[in-house]
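Student: Starting from these lines, generate the structure:
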Amino acid sequence: MTSPEAAVTEAFRLERGRAVATLVRMLGDIDAAEEAVQDAFVRALEVWPRDGVPPNAAGWIVTTAKNRAIDVVRREGSRQSRYEGAARLGAGVRNLTRRRASRSALISRSRTTSCALCSPAATRRWGWRARWR
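Tutor: As a prediction, this is how the structure comes out:
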């Protein structure tokens, strides 16, 4: 009986090329396929010592790599939708900030105007002419 580490090493040596080729056919991207196969072998080093070496090591590697590639594709798709949602939210915050700024400027102007109309000292200070009749 071989150790799990030796089984992973042997599977890597014998099956890595086939696993990458299978995933390249499925994904159409060699970099993503190689990354997924590497992750599958790392996962094998974690799982096989605990659960034992599977009867079909090559099939286990290909299946795990395929599942990993599907997870990455899903994550990238959801990332794009999250970016789009954040952009929409950012635009809404910018519009809200602009509205608040214009509202606060309007309130500030109205306060200044009401002070000027109510206080003759304020009109002299700011140089406004108030009509008092």
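Student: May I have the secondary structure class of the closest residue in space to Val24 that isn't next to it in sequence?
Tutor: Distances taken as CB to CB, 6 or more residues apart in numbering place Ala33 nearest to Val24, at 4.5 Å, with adjacent residues excluded. Quick note: C-beta positions are derived from backbone N, CA and C, even for glycine. With DSSP: H, G, I helix; E, B strand; the rest coil as the basis, the three-state label of Ala33 is helix.
Student: Buried residues, stretch 42-58. List them.
Tutor: By neighbour count on 16 or more other CB atoms under 10 Å, the buried set for stretch 42-58 is 43-44, 47-48, 53-54, 57.
Student: What of stretch 12-23?
Tutor: For stretch 12-23, a neighbour-count test (16+ other CB under 10 Å) marks 12, 15-16, 19-20, 22-23 as buried.
Student: can you pull out the helices in the protein?
Tutor: 4-27, 30-51, 57-118, 120-126 (DSSP state H).
Student: Least confident of the ones you listed, on average?
Tutor: Looking over the helices of the chain, mean pLDDT reaches its minimum on helix 120-126, with a mean of 58.
Student: which ones are touching Ala65?
Tutor: 19, 23, 33, 36-37, 39-40 (CB atoms under 8 Å, 6 or more residues apart in numbering).
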